[in-house]
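Peer 1: Based on what follows, work out the 3D shape:
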Amino acid sequence: MQTRRDALIALSRYLGAGLLAAAAGLSPVPAAAGPLEDAKGKGYIGERPDGYVGLVSGKAPSSARKLVDQINKQRRARYADIAKRTGADSRQVGILAGRKLIANARPGTYVMDGRGSWKRK
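Peer 2: Here you go, the predicted structure:
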């Protein structure tokens, strides 16, 4: 039986192998890369520490809201898949992904801090 520690070690290796991008729906040329990056650049959408994207402002257009739902649905499925393969908890997968996504976010885009506030990177 795999322990939680073993699962997290396996997960770290899996993510460290460069598979996080695919896991988070961020393969080199994802279908939503253009719209997602565009929405981030306009300040509508930002990366959250839980590995999902969120609306930075309630004034975002409905297209940004739909994109958030679409991206988060894809990420949720990928995190669940990784969790199943590694024995980790999907929430932990998301948190590890969130750390990497925030660390790699482009300057000028919004990221959510640990207190739940949006900050420009």
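Peer 1: hmm, which helix or strand of this structure has the shakiest average pLDDT?
Peer 2: helix 20-23 (a mean of 48; mean pLDDT, DSSP states H and E).
Peer 1: Which secondary structure elements does the very next helix or strand once past that helix sit against?
Peer 2: Next helix or strand after helix 20-23 toward the C-terminus (DSSP states H and E): helix 33-41. Here helix 33-41 is seen to pack against strand 45-47, helix 62-86 when contacts are counted using 3 or more CB pairs under 8 Å, 6 or more residues apart in numbering; DSSP states H and E. Backbone N, C-alpha and C define where each C-beta goes, glycine included.
Peer 1: Can you give the distance of stretch 88-104 from its chain's centre?
Peer 2: For stretch 88-104, the separation from the chain centroid amounts to 7 Å (computed by CA atoms, centre = their mean, to the nearest Å).
Peer 1: OK, contacts around residue 107?
Peer 2: The contact partners of residue 107, taken as CB atoms under 8 Å, 6 or more residues apart in numbering, are residue 121.
Peer 1: Wasn't it part of a helix?
Peer 2: No: counting by DSSP: H, G, I helix; E, B strand; the rest coil, residue 107 is not part of a helix but coil.
Peer 1: Would you mind confirming that residue 88 makes contact with residue 82?
Peer 2: Yes: the pair residue 88 and residue 82 qualifies as a contact (CB atoms under 8 Å) at a distance of 7.2 Å.
Peer 1: a markdown table please, covering the helices and strands packed on helix 33-41 and showing mean pLDDT, distance to residue 104 and mean neighbour count.
Peer 2: Below are the helices and strands packed on helix 33-41 laid out as a markdown table (pLDDT from 0 to 100; distance: least, CB to CB, whole Å; neighbours: other CB atoms under 10 Å):
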| stretch | mean pLDDT | distance to residue 104 | mean neighbour count |
| --- | --- | --- | --- |
| strand 45-47 | 98 | 9 | 25 |
| helix 62-86 | 96 | 15 | 17 |
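Peer 1: and residue 119, which of the ones you listed is closest to it?
Peer 2: If you check each of the helices and strands packed on helix 33-41 against residue 119 by CB to CB, strand 45-47 wins as the nearest, at 8.6 Å.
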